[in-house]
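In: coords please:
(one chain, ligands or ions: 1)
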Amino acid sequence: MRPAPSSASAALRSWTRHAFPNTSQTSAVATARLAPQTTSLTSQRRDQSTAAAATSGSSFDSPFTKYDTNKIPSFAKYKAKSPEVSNRVFQYFMVGSMGLLTAAGAKATVQDFLVNMSASADVLAQAKVEVDLASIPEGKNVIIKWRGKPVFIRHRTESEIKDAEGVNISILRDPQKDEDRVKKPEWLIMLGVCTHLGCVPIGESGDFGGWFCPCHGSHYDVSGRIRKGPAPLNLEIPEYDFPSDESLVIG
Ligand code: FES
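Out: Numbers count the residues shown, from 1 in each chain. Prediction:
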């Protein structure tokens, strides 16, 4: 027992000196007081779950217990009513029809593409040109347009043919016999494009009685061979043919 305080200040001093209760001791006391209650609750719950397990056998209620998982389900209601052979015929028909449609579509697509890529009608029309030779008198030149280029057609005279054939080809810059440049001696057909820089030579002029290019002064003879000036080659001979005596087809 503590002595009774004599005054208020003595009571305050006495109270501040009074030690607070120990925390660990307090909690131990509280635990000791609560322990019987917790133990009784736990054992109560354990008794309840043991009783439930004893009555049902398991606490997990499976949703599949009402189905037999070893049984194969029946698909009878999805099967076709008609016989199997008629089904197969229908499948073959459908596959064949779709294949035909696909092939027709692919053919049309490829054909359209190729038609687009090919030459247009006006270009094809210019690919070949037919000329009536009866309208060209002997000793005259005719110039026609073929594939955008001029073509010289010369109806040569006997003396011009003799002159062209009599040339010694060893002196020529681009050696070529006259007979190698014509299919019929009286008809000389060649492109009217100078082999120097592409001007169009003038007919029946120049130092050799053939063609003269005024651009830089090239002279061609009556066989279209270069004889003088800067042009390196003879005038070019195009593809041509004589379907008859009176007609010429170029190209
Ligand atoms: S283009 Fe003909 S001589 Fe130059």
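In: where does this structure come near the ligand, residue by residue?
Out: Within the chain, the positions lying close to the ligand (Cβ under 6 Å from any ligand atom) are 194, 196-199, 213, 215-216, 218, 229-231. C-beta here means a position set from N, CA and C on the backbone, and glycine is covered the same way.
In: Please list only the buried members of those residues.
Out: Buried members of the residues of the chain next to the ligand, counted by 16 or more other Cβ atoms under 10 Å: 194, 196, 213, 218, 229, 231.
In: Okay, and which of the residues of the chain next to the ligand map to strands?
Out: Under the assignment DSSP state E, those contribute 213, 218 to strands.
In: Check the buried ones among the residues of the chain next to the ligand and tell me the two furthest apart.
Out: The largest separation in those, counting by Cβ to Cβ, is between 194 and 229 at 9.0 Å.
In: List the residues that are in contact with both of those two.
Out: The overlap between the contact sets of residue 194 and residue 229 (Cβ atoms under 8 Å, 6 or more residues apart in numbering) consists of 213, 218.
In: if we can go back for a sec, which members of the residues of the chain next to the ligand are the farthest-apart pair?
Out: Pairwise over the residues of the chain next to the ligand, using Cβ to Cβ, the maximum falls at 198 and 229, 14.0 Å.
In: Is whichever residue of the stretch 1-150 of the chain sits closest to the ligand in a helix, a strand, or coil?
Out: The ligand sits closest to residue 150 of the stretch 1-150 of the chain, with a gap of 13.2 Å, by Cβ to the nearest ligand atom. Per DSSP: H, G, I helix; E, B strand; the rest coil, the local secondary structure of residue 150 is strand.
In: Run through the bridge partners of it.
Out: Here residue 150 sits in beta bridges with residue 145, going by DSSP bridges.
In: give the contact list for it.
Out: 143-144, 191-193, 200.
In: what's the neighbour count on the nearest residue to residue 212 once chain neighbours are set aside?
Out: Counting by Cβ to Cβ, 6 or more residues apart in numbering, residue 206 is the residue found nearest to residue 212 once chain neighbours are left out, at 3.3 Å. As a burial measure, residue 206 scores 22 neighbours (other Cβ atoms under 10 Å).
In: Check residue 241 too.
Out: Neighbours of residue 241 (other Cβ under 10 Å): 11.
In: Done for today, thanks.
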